[in-house]
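> take this sequence and fold it.
(chains A and B)
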Amino acid sequence: MKVRIRFFARFRELLGSEIMEEITKGTSLAELVRIIALRRSREGYDALFDRGGTFHPFVIIMRNGVRLSPPEAEHVQVSEGDDIAIFPPVAGG
Amino acid sequence: MIAVQTDDVDIGDLIHRAKQPGAGAIVLFDGIVRDDDITEMELEAYEDIAIKKLEQIAERARHLYHLLSVDIIHRTGRLKVGENILVILVSAGHRKGAYEGSRYILETIKAEVPVWKKELRRDGNHWVPGEYPHNTGNIPLNEEL
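You can find the predicted model right below:
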């Protein structure tokens, strides 16, 4: 099963901009991001997760254009073709 | 016109096109790169979502403030001091709706549209923190775009 994960701004600098990842059915969104972040950069992992492996509350998580809370990301299982985006608080304008 | 783009925008042309029947007031907001001892500003967007959010904000503002037209152009890429970052141009029958609608659009963009700014300085680069750092105003949860 293939999904796309995109990181933006500071998270992109630490973890890369776009990753296509092959995953097994039943993987939660949070688990998927933990696996990728750990593999890519310890600093990047620490930017997203606390010591207990939970998303920092300010991290914004989107799945197919819909924002999920960190607790939701722990339970939502990713599906074939999902488009996941992870980014810090917005600062445009 | 709703756009996220690297190119600059012709503000005179936007004003010209906003002068339509029924319009009695046009308000322009032009956010520019401030000279905060920076060399340049780098802007990044989650473009497909940013455009959908801008369209949604424009539509809401049209409805809430009875605007006749709304243009929002948010630039990305590297910008020099004094260059346009965000142009919002609204027209309405009267000044009250135009002023309030413009302000509503600006503040909602700052809270909800996925764009980030990085200040490039001689002594290092620095991501500008969002004004809503702890889930208070950033992108509503579970909202279908």
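
> contacts and neighbour counts: CA atoms only from here.
Noted.

> leaving out sequence neighbours, find the closest residue to the residue of chain A found nearest chain B.
Of all residues in chain A, residue A:91 sits closest to chain B, at 4.2 Å by C-alpha to the nearest C-alpha. Distances taken as C-alpha to C-alpha, 6 or more residues apart in numbering or on different chains place residue B:130 nearest to residue A:91, at 4.2 Å, with adjacent residues excluded.

> wasn't that neighbour part of a helix?
No - according to DSSP: H, G, I helix; E, B strand; the rest coil, residue B:130 belongs to no helix; its state is coil.

> enumerate every residue touching it.
Counting by C-alpha atoms under 8 Å, 6 or more residues apart in numbering or on different chains, residue B:130 touches A:89-92, B:110-111.

> quick one, grab the pLDDT at it.
As predicted, residue B:130 sits at a pLDDT of 79.

> before we move on, back to that, which ones among the contacts of residue B:130 are found in helices?
Among the contacts of residue B:130, the members found in helices (DSSP state H) are B:110-111.

> re earlier: quick one: the residue of chain A closest to chain B and residue B:108 touch, right?
No - assessed by C-alpha atoms under 8 Å, residue A:91 is found out of contact with residue B:108, at 11.2 Å.

> just to revisit the earlier point, give me the lowest-pLDDT entry from the contacts of residue B:130.
Minimum pLDDT across the contacts of residue B:130 falls on residue A:92, with 87.

> identify the residues contacting that residue.
Contacts here follow C-alpha under 8 Å, 6+ apart; on that basis residue A:92 touches B:43, B:109-110, B:113-117, B:130.

> and residue A:85, by the same measure?
A:5-8, A:61-63 are the contacts of residue A:85 under C-alpha under 8 Å, 6+ apart.

> pick out the residue of chain B closest to chain A.
Counting by C-alpha to the nearest C-alpha, chain B gets nearest chain A through residue B:130, at 4.2 Å.

> what's the pLDDT at the residue most central in space within chain A?
Residue closest to the average C-alpha location in chain A (C-alpha atoms, centre = their mean): residue A:33, at 4.2 Å. In this model, residue A:33 is scored at 97, pLDDT.

> thinking again about what came up before, now, the contacts of residue A:85 that are in strands?
A:5-7, A:61-63 (DSSP state E).
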